[in-house]
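1. Structure for the following, please:
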Amino acid sequence: MNRPLQILTVLCLSMAALTYAAVERGVALKADSIKSQPFQDAGAIGDLKKGDSVQIVSKKGGWLQIKAPSGSGWVRMLSASESSVERVPTVAASD
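-> Below is the predicted model of the structure:
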C-alpha cells in the first residue's frame with residue numbers, strides 16, 4: 001500500500017471513530033442552573049429541575065457537560081447522577 005493511501009485510510013477510520021461517543025444517561029439530583037461554561041460565575045442558560053433526565057456528554061473538574069430538556073451546558077457534578085452508558089451517534093464538530 002502506498003503512503004498517501006495509508007494516510008487516507010487512517011484519517012477515514014479516525015473520522016468514523018469520532019462519530020460515536022459514549023454518552024452517559026443520568027438524572028438531576030437537585031435543581032441547579034445550567035451554565036454556559038464550567039465556572040461558578042458563568043452565565044446561566046437554563047434551569048435543571050430535580051428528576052430531569054439528562055445526557056452527560058463530558059466531565060471537566062467538578063463539572064458535567066449535559067444535555068437536558070431545558071438546554072445544554074454545564075452543571076456541578078453533585079447536581080446529577082450517572083445511571084448507564086450507551087453508544088449514541090454524535091457529530092463531534094457540531095457540538
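
2. The most centrally placed residue in the chain: what secondary structure?
-> The centroid of the chain falls nearest to Val57 when counting by Cα atoms, centre = their mean (1.4 Å). When classified by DSSP: H, G, I helix; E, B strand; the rest coil, Val57 comes out as strand.

3. Quick check: it touching Lys67?
-> Yes: counting by Cβ atoms under 8 Å, Val57 does reach Lys67; the two are 6.3 Å apart. For glycine as for every other residue, the C-beta is placed from the backbone atoms N, C-alpha and C.

4. What average pLDDT does stretch 38-57 get?
-> What stretch 38-57 shows for mean pLDDT is 94.

5. can you give me the strands in the chain?
-> 20-28, 32-35, 44-48, 53-60, 63-68, 71-76, 80-89 (DSSP state E).

6. Now distance to Asn2 too, for those, in JSON lines please.
-> Below are the strands of the chain laid out as JSON lines (distance: least, Cβ to Cβ, whole Å):
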{"stretch": "strand 20-28", "distance to Asn2": "29"}
{"stretch": "strand 32-35", "distance to Asn2": "49"}
{"stretch": "strand 44-48", "distance to Asn2": "49"}
{"stretch": "strand 53-60", "distance to Asn2": "38"}
{"stretch": "strand 63-68", "distance to Asn2": "41"}
{"stretch": "strand 71-76", "distance to Asn2": "43"}
{"stretch": "strand 80-89", "distance to Asn2": "32"}
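
7. In terms of mean pLDDT, which of those strands ranks lowest?
-> Of all these, mean pLDDT reaches its minimum on strand 80-89 (a mean of 63).

8. Ile45: what's it in contact with?
-> 34-36, 71, 73 (Cβ atoms under 8 Å, 6 or more residues apart in numbering).

9. from those residues, which would you call buried?
-> 34-35, 73 (16 or more other Cβ atoms under 10 Å).

10. and which of those residues is nearest to Gly62?
-> Lys35 (12.0 Å; Cβ to Cβ).

11. Quick one: residues contacting the closest one.
-> 42-45, 63, 73-75.

12. Select only the buried ones of those in ChimeraX?
-> Typed into ChimeraX, the line below selects the buried ones among the contacts of Lys35, using 16+ other Cβ under 10 Å:
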select :63,73,74,75
